[in-house]
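[1] When you get a sec, could you give me coordinates for this:
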Amino acid sequence: MPLMRPTRREMLKLAAIMPAFAMPAAARAELGPPQGDQPSHFRFTVGDIKITIVSDGWFPQPLSSLGMNADEAAKEAFLKAHFQPMDEIVGHTNHVLIETGDTSVLIDVGSGTRFFDTAGRLMGNLEAAGVDPMGIDKVVITHAHPDHIWGIRDGFDEAVIPGAEYIIGEAEKAYWTQEGLVDRVAAEDQQFVLGAVNSIAVDGAEWTEAGEGHEVAPGVHLMASPGHTPGHMSVRIDSGDHQLLVLGDAVTHAFGHFAHPEWYGEMDSDPEATVVSRKRILDMAATDRIPVVGYHFPFPGVGHVMADGGAYRFVPALWRF
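    Numbering: from 1, shown residues only. Purely as a prediction, here's the structure:
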């Protein structure tokens, strides 16, 4: 069937028209809106390594972000069966703070004030979790999409955590900073390119360009997972016999991409490579029983991957209060 490839302008338009999506909760099969404060962080350990999941908020994505190559009727039926909205994809933003030895590592910096007004909460939520952002030693950028890197710039266009070492995949940095890229992409993609370039060039950030297996800190290594972007990186955490995989956007939907790992979205720059990386990671997690953190999974995004025939299922981890 022919593929409908909506433009990325849809992503940016959603920020302006999001109130129009406010359907009655009963029609959307959702809980009502929250009243008062909500938990914004979740703590656990991986062996001797301390992990804190900290939310940057959430934002809506067009349905084209999931299963562009799927039959539309089948995709809608799948979403309805899983109690998901029928008019948008809701993406949570689960950041991982790693504390290993004397080193603290933050995965991605969120979108700051430059994307959706329901996101950009990371710095405040870190402080609410008792974490001083200025004390973070290293920041890993999984890839240079707005919700992962635009928050690197503070209100003065300086690095939001000026003392940190910033780490990015060498292929990722090379792609976004190649000369003349903004003039070679479609008009609707230019804002994404300019945003990535401005973020990487932010004053006060010293960059380390890294590759597969790069040791960020003891027990913390980069794992190449290209496809969503050319140099996308996931992160593997090891402490003794305990592991954790931080997926980034290698797997973005906790239901659709498990049951249908072959589905890809409009934001995946290389669909074939995206599917290859996704299947490899899901198979590793299921076979070796390694827990995962999904950036866009329902908060806090932590769980297990269970093989289910030729596909998988996401099993949320138990909360321990």
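[2] where along this protein do the strands fall?
    41-46, 49-61, 89-100, 103-107, 138-141, 165-169, 206-210, 215-217, 220-224, 233-239, 242-246, 292-293, 302-308, 311-316 (DSSP state E).
[3] Now do the fourth one, average pLDDT.
    Spelled out, it's strand 103-107. Within the predicted structure, the mean pLDDT of strand 103-107 is 98.
[4] before we move on, what about the fifth one?
    In this model, strand 138-141 carries a mean pLDDT of 98.
[5] on contacts alone, who are the packing partners of it?
    For strand 138-141, the elements it packs on are strand 103-107, strand 165-169, strand 215-217, judged by 3 or more CB pairs under 8 Å, 6 or more residues apart in numbering; DSSP states H and E. All C-beta atoms are positioned from the backbone trio N, CA, C, and that covers glycine.
[6] swap in the last one?
    Counting contacts by 3+ CB pairs under 8 Å, 6+ apart, strand 311-316 is packed against helix 256-259, strand 302-308.
[7] Please list the residues outside the longest one that contact it.
    Applying CB atoms under 8 Å, 6 or more residues apart in numbering, the set of residues contacting strand 302-308 from outside is 42, 44, 53, 94, 254, 258-259, 282-283, 285-287, 289-294, 297, 312-317.
[8] list the buried ones in that strand?
    Of the residues in strand 302-308, those scored as buried under the neighbour-count criterion (16 or more other CB atoms under 10 Å) are 302-305.
[9] Let's have those in a markdown table, adding pLDDT and distance to G112.
    Compiled in a markdown table, those are given as follows (pLDDT from 0 to 100; distance: CB to CB, whole Å):
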| residue | pLDDT | distance to G112 |
| --- | --- | --- |
| V302 | 98 | 24 |
| G303 | 98 | 28 |
| H304 | 98 | 32 |
| V305 | 98 | 31 |
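[10] May I see those arranged in JSON lines, with distance to Q38 as well?
    JSON lines is the format used below for these (distance: CB to CB, whole Å):
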{"residue": "V302", "distance to Q38": "17"}
{"residue": "G303", "distance to Q38": "20"}
{"residue": "H304", "distance to Q38": "24"}
{"residue": "V305", "distance to Q38": "27"}
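[11] Nearest to A186, out of the strands of the chain?
    strand 49-61 (18.6 Å; CB to CB).
[12] In a markdown table: the helices and strands packed on strand 138-141, plus mean neighbour count and distance to E206.
    Output for the helices and strands packed on strand 138-141, formatted as a markdown table (neighbours: other CB atoms under 10 Å; distance: least, CB to CB, whole Å):
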| stretch | mean neighbour count | distance to E206 |
| --- | --- | --- |
| strand 103-107 | 23 | 15 |
| strand 165-169 | 23 | 6 |
| strand 215-217 | 19 | 15 |
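[13] mind putting these in CSV, distance to T229 included?
    Below are the helices and strands packed on strand 138-141 laid out as CSV (distance: least, CB to CB, whole Å):
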stretch, distance to T229
strand 103-107, 15
strand 165-169, 9
strand 215-217, 19
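[14] wait, which of the helices and strands packed on strand 311-316 is closest to T100?
    So among these, strand 302-308 is nearest, using CB to CB, at 17.5 Å.
[15] Partner strands of the closest one, with direction?
    As defined by DSSP bridges, the strand partners of strand 302-308 come to strand 292-293 (antiparallel), strand 311-316 (antiparallel).
[16] which secondary element of the chain has the worst mean pLDDT?
    Counting by mean pLDDT, DSSP states H and E, the chain has its least confident helix or strand at helix 25-28, which shows a mean of 46.
[17] So which residues of the stretch 151-300 of the chain form helices?
    Secondary structure of the stretch 151-300 of the chain (DSSP state H, counting those that start in this stretch): helices at 170-177, 181-184, 190-200, 256-259, 271-288.
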